[in-house]
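In: what follows is a predicted protein model with its sequence.
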Amino acid sequence: MTLFGAHVGLQHTTADELRSVWRRVEDLGFGWISVWDHFYGATGKPDDAACLEAVAMHAALACSTSKVRCGSLVYSIGYRHPAVLAKAITAIDQLSGGRAEMGLGSGWAQVEYDAYGIPFPSAKVRLNQLEEGVQCLRGLLHDEVTTFEGEYFNLTAARNEPRPIQAKLPIWIGGGGEKRTLKIAANYADGWNVPFIAPEQFAHKNSVLDEHCAAVGRDPKAIKRAINVGLAFSEESLQQQFGKISDFVRPGVLTGSDDEMMDVIGRYVDAGADQVNISLRAPFDLDALQRFSEILHLS
């Protein structure tokens, strides 16, 4: 059965508003809520810095809900050492009663790195860091003791105690890079997520992930597949939510009539999506989300 969720941006909003949004999403019958990891707004502008920090808000999400899975899509490996992330997500799992999931990515918003003096190496290096980081996280979250020797991260008989409530807290890899990102997902991930691509492109990348799984002898069914999509019942709504990047995200936006939206969702499911997340950005249109939940008969 397909799981429907909401991916809630942390820009241009408040903690109080987010708590209200999360509770409404849960009440509408969605089974997943996730946060993103940015220090600036997603516009990429150097003066757009109104964005709440992800780990703190992930914890707030865990404390503000009682039923949904509490995810992150995705933490940037360049912002925090994987051991710090492991300790944080363990605490969040404890706060949520065993509902936490975490995603990891190589990072891309250079404006944030530059503003805060965080190194922004080449894509190759960032992907190497991602590959090492996810191995560290798997060890710390899934095993009692972890030793890891890498170029960027090292662990020596490292323990993560107290343990997460979940014996195998799910780890997601985010991104659509077919040569490295999907290969990393095939080797180490429990889930794979990508945003704003059309069903046909999702199907292609899904098949590439299957090929990488076959190459390493892993059952492709062991990895959940999720797509993040926009929701806009009108062009005005699309522009209000996404502004200058509207055309970029348009292939992955649900719009049109109820039947047209359901048709697109069906195409994503046929393409291999186990989960469909609605990307929400302030100002949050919760009436549209309610209408969508009624189309799906979630509650």
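Out: In hand now; what should we look at? These numbers come from a predicted model, not from an experiment.
In: switch to C-alpha atoms for all contacts and neighbour counts from now on
Out: Noted.
In: against D114, how distant is N154?
Out: Distance of N154 to D114, computed by Cα to Cα, to the nearest Å: 26 Å.
In: what ranges do the strands span in this protein?
Out: 3-8, 32-35, 69-72, 75-76, 102-105, 146-149, 154-158, 171-174, 191-195, 224-231, 253-254, 275-280 (DSSP state E).
In: give the partner strands of the longest one in its sheet and their orientations.
Out: Yep, that's strand 224-231 we're talking about. strand 191-195 (parallel), strand 253-254 (parallel), strand 275-280 (parallel) (DSSP bridges).
In: neighbours of the nearest residue to Q11 once chain neighbours are set aside, how many?
Out: Closest residue in space to Q11, ignoring its immediate chain neighbours: C51 at 4.0 Å, by Cα to Cα, 6 or more residues apart in numbering. Neighbour count for C51, taken as other Cα atoms under 10 Å: 18.
In: who's in contact with C51?
Out: L10, Q11, H12, T13, H38, F39, Y40, G41 (Cα atoms under 8 Å, 6 or more residues apart in numbering).
In: any chance of the strands of the chain in a markdown table, plus distance to K124 and mean neighbour count?
Out: Converted to a markdown table, those look like this (distance: least, Cα to Cα, whole Å; neighbours: other Cα atoms under 10 Å):
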| stretch | distance to K124 | mean neighbour count |
| --- | --- | --- |
| strand 3-8 | 27 | 21 |
| strand 32-35 | 26 | 26 |
| strand 69-72 | 23 | 25 |
| strand 75-76 | 15 | 24 |
| strand 102-105 | 13 | 26 |
| strand 146-149 | 19 | 15 |
| strand 154-158 | 19 | 14 |
| strand 171-174 | 16 | 27 |
| strand 191-195 | 19 | 23 |
| strand 224-231 | 24 | 24 |
| strand 253-254 | 30 | 24 |
| strand 275-280 | 28 | 22 |
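In: adding mean pLDDT and distance to A215, write those strands out as CSV.
Out: Listed next are these as CSV, based on pLDDT from 0 to 100; distance: least, Cα to Cα, whole Å:
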stretch, mean pLDDT, distance to A215
strand 3-8, 98, 28
strand 32-35, 98, 31
strand 69-72, 98, 28
strand 75-76, 98, 27
strand 102-105, 98, 22
strand 146-149, 98, 24
strand 154-158, 98, 27
strand 171-174, 98, 18
strand 191-195, 98, 17
strand 224-231, 97, 18
strand 253-254, 96, 33
strand 275-280, 97, 25
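In: and the ones you listed as a markdown table, adding distance to E17?
Out: Output for these, formatted as a markdown table (distance: least, Cα to Cα, whole Å):
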| stretch | distance to E17 |
| --- | --- |
| strand 3-8 | 11 |
| strand 32-35 | 14 |
| strand 69-72 | 17 |
| strand 75-76 | 22 |
| strand 102-105 | 23 |
| strand 146-149 | 39 |
| strand 154-158 | 38 |
| strand 171-174 | 26 |
| strand 191-195 | 24 |
| strand 224-231 | 19 |
| strand 253-254 | 24 |
| strand 275-280 | 13 |
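In: E260 is nearest to which of the ones you listed?
Out: strand 253-254 (8.3 Å; Cα to Cα).
In: how distant is that closest one from the center of its chain?
Out: 18 Å (Cα atoms, centre = their mean, to the nearest Å).
In: worst-scoring helix or strand of the chain, pLDDT-wise?
Out: In the chain, the helix or strand scored least confidently by mean pLDDT, DSSP states H and E is helix 235-242, which has a mean of 86.
In: need the contact list for I89.
Out: A100, E101, M102 are the contacts of I89 under Cα under 8 Å, 6+ apart.
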